[in-house]
Structures are given as structure tokens and as C-alpha cells.
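Colleague: Okay, here's the prediction I keep looking at, along with the sequence it came from:
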Amino acid sequence: MSEVLSGGDMLVRALQDEGVEYLFGYPGGAALHIYDAIFRQQKVEHILVRHEQAATHMADGYARATGKPGVVLVTSGPGATNAVTGIATAYMDSIPMVVISGQVPSDQIGTDAFQETDMLGVSRPVVKHSFLVRDCGEIAEVVKKAFHIATTGRPGPVVIDVPKDTTDPAVTAEYSYPDSVEMRSYKPAVRGNGRQLRKAVEKLLSSKRPMIYSGGGVVQGNGASRLTSIARRLGFPVTNTLMGLGGFPGDDPQFVGMLGMHGTYEANMGMHHADLILAIGARFDDRVTNNPAKFCPDATIVHIDADPASISKIISADIPIVGQVANVLTELDKMLETALENQPDALDKDAHKAWWERIEQWRAAHGLNHDMRPEAGKPILPQMVIQSLYRATGGDAIVTSDVGQHQMFAAQYYKFSQPRRWVNSGGLGTMGFGLPSAMGAQFAYPNETVACVTGEGSFMMNMQELSTCLQYGLPIKIVCLNNQALGMVKQWQDMQYGGRHSSSTYADSLPDFKTIAESFGHVGFRIDKAEDLEGAMRETFSAELKKRVVFLDVWVDSNEHVYPMSIKGGSMQDMYLNKITDSQAGDYM
Amino acid sequence: MRRIIAVLLENESGALSRVIGLFAQRGYNIETLTVAPTEDETLSRLTLTTSGDDNKTEQIVKHLNRLIEVVKVQDLCEADHVERELMLIKVRAEGADRAEVKRTVAIFRGQIIDVTTNAYTLQLTGTSEKLDAFLGAIGSGLVLEVVRSGVSGIGRGDKILSA
């Protein structure tokens, strides 16, 4: 049954029909017909942010935590351009998102009208696809296509640019929301190729030094439980990328930690010496591979990914398998189960035992110390704060982060045991992502503990959202590793630029974050003594403060560096491990 | 290595800009580009020439396929194909040059499509090499203006690129 609606009503109705719960946005002239339509309904809740960038990060955090697409509404011009950083963030990490931007009326497009920006042009390199609505009659179909494209294949953000005249309440058309959409030019691969899968099984079974390298595709593609089943069946070591953390339980003995630039010693050594790498939903990012020419010289590479363009882009795959990660892993798991039933001795147990012994030696020699306790009178090390957070939350919080040293410490020391519990901007590295993405996750899971690990630099990029937290009662726990500097920049300057801290410090002009939190109506603590850390962390996550935003400002040792760190131009086994080895200095990546 | 890539894409505004944007964004070069609607007016066919090794070409093809409006992509150089380019040239044609230009045009099977008292406008079709050779033969001294269509290409035999 179809009905007659205006474009504004149609747009909101289509979001309802798509099952959208939250719309993160900010009003403005070109979007006002749409905002009026939102006002006249109850199903889709609009969340008023304080800056459009934060709206996109909230939608992004919501999407990462739930797997459902995040939805954003902004006005034309500055509203749209402010959203671009968040769109690019989602694009780089393949996050499903639909961004609706108001646009000046069709007959004013191209005239440099007030608040006009060519949003399709500006956003083109950072969207999976985009649409310009031409008349209100096509709105339902465009919305359906946008959600279909954003959520299938390799997910990504889709922009719908909506000229004001197409949402005019005086202009109506028939509305009916399509059940499905068929596009001849867009048919993402779903299942893996059977022949390739059989070859992969053969290689997996005959490997002697295997390594499973899984990325964000396993988390976003809902493949974590299958991956765990495969890894346990085979007994192989598993490493996760920054985006893939939680794809395999972080507290499992088979887990060797994150790999890459700041990955663990055992993960990077294991990768380098492996004879077989099973890469799943990962894209051989430069932050992982180090010098591609020296990457894993002995390894046969099996690469499973939803995006054919990710395969053999940086590192040539011996056995490429294109398909939805969850489907491919399910198929692979079944084939492995059958193969091992038929040939119980198929795996080379002796070789694997020897391989695990080497890995344990690496782990014992230079693995991360997960038991660093604060000592009275000594500086607080940032790693201790993450470990304290892990204890206080029982390892069970949704943790978001901003970008920099604190992000790496969180990735290294918070052992994520489930997927969708670790939310960070991996590909684009967007400072200011932490707080709004935590808010998006909290909207999705109002009863869960959501912690934002941040630095004082990143936090100041989107701290206006503390006001939004108050408005919607979002009890985010903000743990700030305050090192009074742009820590990662400073680390590079220490290591690569003779300690010349060009524009990376501002200790004399930092605000009092405790007072800031309080002035926004929240709770603030400032901790600068090691002996106070545990107690303050427990209080932050206590039942009394469960419903409050708490800002825990922890003054940490500002000289601490993140290790291990890859040596530029080297292979994965080339790492600086501490300040002594990095005194040989040189080039970084 | 020179490649000729044929792309069928939805005949929609903005589709072409995504193709061009992809090349700019990923640092691929475009040497020639030609695009027009096909017998099915909902589809445009685009032919572009670029250069690169097998890996680069594979990446170009994969990334083109990733664009939502792209329906089919083919590297024509992977199989037998025919390619043509159209060139219009305005040359100075005065005195003895008038007869000389006419003879050269005849040798290259071109046509004179416009004549004035001191200039000819010529039309030539062929491979890009043939058009280059013609320009060499006529000599740069006489050439006043050149416009080339860019390469169009099609697979030989029964192979058909269709939606």
C-alpha cells in the first residue's frame, strides 16, 4: 500500500522503515524541512550533537559496537564539510554509515549560494558511494540503495545529498519502501571459491610454522566465533591487527598479541618466521608489514577478504579467497573438521610443538609485562593506567580510544575477549574520535560500561560533546593519560629529530580538566600520585558513579615511549624494544 | 606497458567523475579518454589508455570494479582487439604545399573535409601510431591545429563486453 508524503516525511519514514533507532545530527537551513519531519514522529530519535564531526564519530561508534549502520544528518555547507573527517574515518576502517546532508535548492546549485558546498565532490574520495536526490519521488529508492551499499560487501559510508526543494512540504509523491534492491553494477561476492578453499585447507594442514593474522574484517564481518573455532581446532597462534582486536580472545594462550608497528615481539617475530600466514579480513597495511619487500620471506599467504581490491595490493597472495568473511570461515571450519576426522594425523604436531616453543621463548624474552603496579613516589606509567582500567572493569568494558600513545597502550594492555568491544580510528588515525564514538556505543548499550581512553591532546579536539553527554545522560568514563604533550609526536621527535619538540608541548597552558568536567555537570578527578591510581580507578567505575560521566585525569610520565616499535625499512622482526636500543636512532616510519 | 581499458558504466551524472577521481586519487595516469552512451542509453562506454605493469593494471581493474556505477571492466590488451582513434588536423595549404598535402592524405587514406584558400582541414582514423606517423610525414611546419578523439577499442571476434 502506498501513501502520499512530502520529501521530508518520506526521508524520515524511510529511516523508520530501515529500522534506524538514532540519527546523530545538527540542524541548519537546508535541512529544516527534514528536521520538521523528525519533530512530527517518535520512532527515530534525533541526537543533537555540538559539532558535526562528533555526529559522524557517534554514528561510527554505534556502528562498530553493534554492526548496524550509523546514521547522520547534517545541513549543507559547513555542516557537510565538518562531517567529512568522520566520513573519512569510517571509510578507512570500512564502517557502515549513511550520511544525509542538506543541500541548497536544486535551482541554486552551482551559484555559490549561501552555505553551498559541492558535498558529492568534497566527499567523493572518502565514500563508498554517494547520491544526489533529484526529486522527492526517488527518496525511498535512494535510501534503500544507500543502506544496501553501506552494509554489504566491504562496508563503508554512503552520502545522500538532499537539495532543500526535494523535501519541500508542499511537494508530495507516492511513497512505498522497497523490500529489496537489485543493482546490476553492484553484486559483492558472498561465498568463497570452493577450489581455493580446498587449496587453503591443504596448506593449513601441511604447515609447520603457521600464523593466523586477523583484522577488522573479522570483527566487522561477524567472523569472530568462527575464527576462534578454526584457531582452536588447529592450535595455531593468532595475532590481531589494531582493528582486529577482540576478533580472538585477548586472554587466550593461543593469542600472541597485536602485530605491526607497535605489535608484540612474539607476534612480529612469529609473522616473520612463519611458513604459512592465514590473513583474514586484514589488508597488509603499511603499519603492519613494515617494508613489503622484506615481509615474511618464507610464508605462503592465504588471504580471505570481502574486497578483491585488497588482495595482492601490497603483498601478493598465494591463495586469494574473496567472500564475506563469516561465510568463508564457516565453510573453511567445516572443511577442516571433515579433513581432521578423515586424517587425524594430518597436522604436523611435532613441528607445531617446536614452533610454539620458539614463540614462548620470544614471549618470555621481550613480551609485554601485564603486571606493572604503581609504586608510591614514582611516576605513573601510562601502561599501568590501562592495566588498572582492565582490572577495574573486569576486562569487560567497551573501550574507545583517541589517537596516539594512549591508543597503542590501550591496544597492547587491555585484553579484549570479545569482538566490538574495542573502538578506535585505525586507518585514518583521527584525534577527537574517542569521546563521541564512546557516546555512540553507549546509546547502543545503555547498561554497559563504556570507557574512553584518551590523551589531553585528543580530548580537546571534541570535548564540546561533554554537553551532549549531559543532555542525553550518557555515563561515559573518560580515562585521560595526561602527559602534557602530544605524546606520539614527541616520541618521534625524541627518536628521530634529536629531541627537538617542535610544537608538541603545551604544559603551561593546559586547562584544569577536573573543573572542565564539573562545569559541564560531570564528575572530575585529577590523579598525579601513583599511590592514588588504583583507588581513583575503582571509584570511577563504582556503582555510586555508574550514572555519571567521570573524567579521570591521570598525570603520567611524559617521557614514556611506546615499544616495541618497527625500524623503518626493515622486516617485521626489526624492532626497537626500549630506549636503550633506540639510541642507535635513525629513520622511523 | 600501454593498456586499453574498456569500462561500461551507468549513464548517470557523476559516474565519470568517480572514474577520473579514482585515477587521480590512486596516482594512475590517463593518457587518453573517450566516453559516450552505447546502444543501451542507460549505459556509457568509456575507453581509456594508461600504462603500467600487470600488477598495476590488475589494481586499476579491481578499483574500477569497486566503483558502484561501474558495470563491467575489461583490459582489452589481454586479448586480440581492434583500436582506432580519430584525428582532425588543420594545416596550412598554400602554393605547392596544397598538392603535397593532398598526396600525403591519400597515402594515409585520410580525407579533406574542409577547404579554404590557404588551409585544409583533414580527417584521419587509425591506430594512434598511424596518426603519429601522419603528423611526422606532414611536418610540424604546416600544422595549425590538431584534435584527437582518444582511443576507442573493441575485442576481436565473438567476445562481447555487455551488461
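Modeller: Yes, it's here.

Colleague: all helices for chain B, in order.
Modeller: For chain B, helices defined by DSSP state H occupy the ranges B:15-25, B:54-66, B:96-107, B:128-138.

Colleague: Could you save those helices as a markdown table and add columns showing mean neighbour count and mean pLDDT?
Modeller: Yep, even glycine has a C-beta here, placed from its N, CA and C like the rest. Conversion of the helices of chain B to a markdown table gives the following (neighbours: other Cβ atoms under 10 Å in any protein chain shown; pLDDT from 0 to 100):
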| stretch | mean neighbour count | mean pLDDT |
| --- | --- | --- |
| helix B:15-25 | 16 | 94 |
| helix B:54-66 | 17 | 93 |
| helix B:96-107 | 14 | 95 |
| helix B:128-138 | 16 | 96 |
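
Colleague: mind checking which of the ones you listed is nearest chain A?
Modeller: helix B:54-66 (4.0 Å; Cβ to the nearest Cβ).

Colleague: Show me what the closest one is packed up against.
Modeller: Based on contacts counted as 3 or more Cβ pairs under 8 Å, 6 or more residues apart in numbering or on different chains; DSSP states H and E, the elements that helix B:54-66 packs against are strand B:2-10, helix B:15-25, strand B:70-75.

Colleague: Output that helix as CSV, nothing but the C-alphas.
Modeller: Only the C-alpha atoms of helix B:54-66 are listed here, as CSV (Å, rounded to 0.1, in the frame of the first residue of the first chain):
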residue,chain,number,x,y,z
ASP,B,54,50.5,-6.3,-14.8
ASN,B,55,50.2,-5.6,-11.1
LYS,B,56,49.2,-2.0,-11.6
THR,B,57,46.7,-2.9,-14.3
GLU,B,58,45.2,-5.5,-12.1
GLN,B,59,44.8,-2.9,-9.3
ILE,B,60,43.3,-0.4,-11.7
VAL,B,61,40.8,-3.0,-12.9
LYS,B,62,39.9,-4.1,-9.4
HIS,B,63,39.4,-0.5,-8.2
LEU,B,64,37.3,0.4,-11.2
ASN,B,65,35.2,-2.6,-10.4
ARG,B,66,34.8,-1.4,-6.9
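
Colleague: Contacts for it, please.
Modeller: Residues from elsewhere that reach helix B:54-66, judged by Cβ atoms under 8 Å, 6 or more residues apart in numbering or on different chains: A:307-309, A:312-313, B:1, B:3, B:5, B:7, B:19, B:22-23, B:26, B:28, B:50, B:52, B:70, B:73, B:75.

Colleague: that older thread, just send the helices of chain B back as a markdown table, with distance to A:His262 too.
Modeller: Formatted as a markdown table, the helices of chain B follow (distance: least, Cβ to Cβ, whole Å):
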| stretch | distance to A:His262 |
| --- | --- |
| helix B:15-25 | 28 |
| helix B:54-66 | 28 |
| helix B:96-107 | 67 |
| helix B:128-138 | 50 |
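
Colleague: hang on, the earlier thing: buried among the contacts of helix B:54-66? Make that a PyMOL selection.
Modeller: Selection of the buried residues among those in PyMOL, burial being defined by 16 or more other Cβ atoms under 10 Å in any protein chain shown:
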select buried, (chain A and resi 307+308+309+312+313) or (chain B and resi 3+5+7+19+22+23+28+50+70+73+75)
